[in-house]
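S.K.: Fold the following, please.
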Amino acid sequence: MTTTPGTRVLLVDGDPELRRLVRVALEMDGAEVLEAASVAEARAQLVAGAVVDSVVVEQELPDGEVGDLLPFVREHIVDPLVVVLTDPGRDVGLSGVYPVSRGDLPGLTQALALPGHTGVISPRTAIELLRREAEVVAAEWDELCRWDPNTPADSHPPLAVEMVRALSSAMERPQPLGWGTDPDMEVLAEDFAGAVGTLDVAIGQLVCLREVLRRRLAPAIPPEELPETLSRMHMIIDRSLQTVATHMAVRLEHEALVDPLTGLLNRRALERDLRRERARAIRDDRRVSLMVIDLDGLKQVNDTDGHLAGDLYLRALATALAGVLRSGDEAYRIGGDEFVVLLPETAEARASIVAERVQESGAPPFSWGAATFGPDGQDPEALLSLADQRLYARRAKVRGGRASR
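M.R.: Model prediction:
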């Protein structure tokens, strides 16, 4: 049979993620889609009177195979079009069905003859050209980046040849919204973002890539292929820009919350996490303890051995803290020789255990004090102040004990 606009498809697949992907693709090409996750669900849909003219079914389902469903389909649908999703090269072993490789969405829409896919001409010329001339296109991209006023004069796009080759592979499939980013292109765009360093330069370089591709492809592409070629090319570059921006935003957020010397979280991260833990403590009546820690003798180390030695001193304490904390605990350097440890689901008594373990790990000497949400109050600043007071009281007691000896 030949499908028409308004095609109703019963999609039968046990994988919800693959079902979502296929559904979006079919709906974008004009189909109405009903879903089932098993042979039993598909039968129930048909018994309930679902009106469909096509069935797209995974070859193997949680409760059977396509052969178990096919007789029921033919009993309830007049002249059904059945497309079986299978592994490439695998024999379906059934007559009257159309096998399509799993994940081949263009092949699926072609098998269903959906109007949204009719007439699309694959950009074969562009794909072959980019694969054949990847190094030349990469060199032209590099040249344009050096001359473009919106990129630095010494701007050289990293991974240029790899980017062009990945783009040529991505162009082999349509790029409509809802189908997601090409996986290989996404990984390479993240590597590209990490190598470039700054968002403005990355965007400028990708804009230059778009222009180089336009100049290179437009004169060489047959007129019938040009619309689809440019459509896919623009979508791939746009998605690469989005991937780069997202990757760099995550990196900037990380940098804003991490102390570069020790690798621990910083004061800004502590303020964020204290708000979160306070809300949880109030809502769920949970105990959350915090420790304030001062590294003893840092000034003396700096004055005697230099600031490089002082930095190593700080890192040694940070390493010791990170080594003894359990999953869910967190350590912060909030400035100078000051550290804070946040201990969710913990009463103050555990702070003593943490301190002992850090001391036993061979960490530099330190002083500490602790306070707990609930027994000691609920205001984070007040709790930090109380823990600080207890730190100084413990330090004075320790020093007093040494003096008496």
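
S.K.: switch to C-alpha atoms for all contacts and neighbour counts from now on
M.R.: Noted.

S.K.: Find the residue at the geometric middle of this structure.
M.R.: The geometric centre of the chain, computed from its C-alpha atoms, lies nearest to His247 (Cα atoms, centre = their mean), at 8.2 Å.

S.K.: That one reaches Phe192, doesn't it?
M.R.: No: assessed by Cα atoms under 8 Å, His247 is found out of contact with Phe192, at 9.9 Å.

S.K.: for Leu265, what are its contacts?
M.R.: By Cα atoms under 8 Å, 6 or more residues apart in numbering, the contact set of Leu265 is 257-259, 330-333.

S.K.: so can I have TSV of those residues showing distance to Leu21, secondary structure and neighbour count?
M.R.: Formatted as TSV, these follow (distance: Cα to Cα, whole Å; DSSP: H, G, I helix; E, B strand; the rest coil; neighbours: other Cα atoms under 10 Å):
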residue	distance to Leu21	secondary structure	neighbour count
Leu257	36	helix	19
Val258	37	strand	18
Asp259	41	coil	19
Glu330	38	strand	19
Ala331	41	strand	22
Tyr332	42	strand	27
Arg333	44	strand	27
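
S.K.: Out of these, the closest to Arg276 would be?
M.R.: Glu330 (13.0 Å; Cα to Cα).

S.K.: right, and the closest one touches Phe339 too?
M.R.: No: if you go by Cα under 8 Å, Glu330 and Phe339 don't touch, sitting 10.7 Å apart.

S.K.: Run the chain-centre distance for the least confident helix or strand in the chain by mean pLDDT.
M.R.: The least trusted helix or strand in the chain, going by mean pLDDT, DSSP states H and E, turns out to be helix 105-111, with a mean of 75. Offset of helix 105-111 from its chain centre (Cα atoms, centre = their mean, to the nearest Å): 28 Å.

S.K.: That one packs against which elements?
M.R.: Applying 3 or more Cα pairs under 8 Å, 6 or more residues apart in numbering; DSSP states H and E, we find helix 105-111 packed against helix 16-28, strand 98-101.

S.K.: could you point out which element follows it?
M.R.: Counting by DSSP states H and E, the next helix or strand C-terminal to helix 105-111 is helix 124-132.

S.K.: Any chance you could list what contacts that next one?
M.R.: Residues contacting helix 124-132 (Cα under 8 Å, 6+ apart): 137, 164-165, 168-169, 171-172, 217, 221-222, 225, 229.

S.K.: how about the CA coordinates for it, as PDB?
M.R.: Only the C-alpha atoms of helix 124-132 are listed here, as PDB (Å, rounded to 0.1, in the frame of the first residue of the first chain):
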ATOM      1  CA  ARG A 124      26.100  13.200  -2.100                       C
ATOM      2  CA  THR A 125      28.300  15.700  -4.000                       C
ATOM      3  CA  ALA A 126      29.000  17.700  -0.900                       C
ATOM      4  CA  ILE A 127      29.800  14.600   1.100                       C
ATOM      5  CA  GLU A 128      32.200  13.300  -1.400                       C
ATOM      6  CA  LEU A 129      33.800  16.700  -2.000                       C
ATOM      7  CA  LEU A 130      34.400  17.300   1.700                       C
ATOM      8  CA  ARG A 131      35.900  13.800   2.200                       C
ATOM      9  CA  ARG A 132      38.100  14.200  -0.800                       C
END
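
S.K.: average pLDDT for it?
M.R.: Averaged over helix 124-132, pLDDT sits at 92.

S.K.: For that helix, which residues meet the burial criterion?
M.R.: 126-127, 129-131 (16 or more other Cα atoms under 10 Å).

S.K.: what do you get for stretch 300-308?
M.R.: Of the residues in stretch 300-308, Val301 count as buried by neighbour count, 16+ other Cα under 10 Å.

S.K.: which helices and strands sit right next to the helix or strand Gln359 falls within?
M.R.: Using DSSP H and E, Gln359 sits in helix 348-360. For helix 348-360, the elements it packs on are strand 288-295, helix 307-324, strand 366-372, judged by 3+ Cα pairs under 8 Å, 6+ apart.

S.K.: next one: the second one to chain centre, how far?
M.R.: Per Cα atoms, centre = their mean, the displacement of helix 307-324 from the mean C-alpha position of its chain is 31 Å.

S.K.: So what touches that helix?
M.R.: Contact partners of helix 307-324, identified using Cα under 8 Å, 6+ apart, comprise 261-264, 295, 298-299, 301-302, 330-331, 337, 354, 357-358, 361-364.

S.K.: let's go with 7 Å and repeat that
M.R.: For helix 307-324, contacts defined as Cα atoms under 7 Å, 6 or more residues apart in numbering pick out 262, 264, 298, 301-302, 331, 357-358, 361, 363-364.

S.K.: between these, which is nearest Ile203?
M.R.: Among the contacts of helix 307-324, Leu264 lies closest to Ile203 (Cα to Cα), at 30.6 Å.

S.K.: just checking, that closest one touches Glu255?
M.R.: No: assessed by Cα atoms under 7 Å, Leu264 is found out of contact with Glu255, at 10.8 Å.

S.K.: The two: which is more packed in?
M.R.: Leu264 (22 against 14; other Cα atoms under 10 Å).
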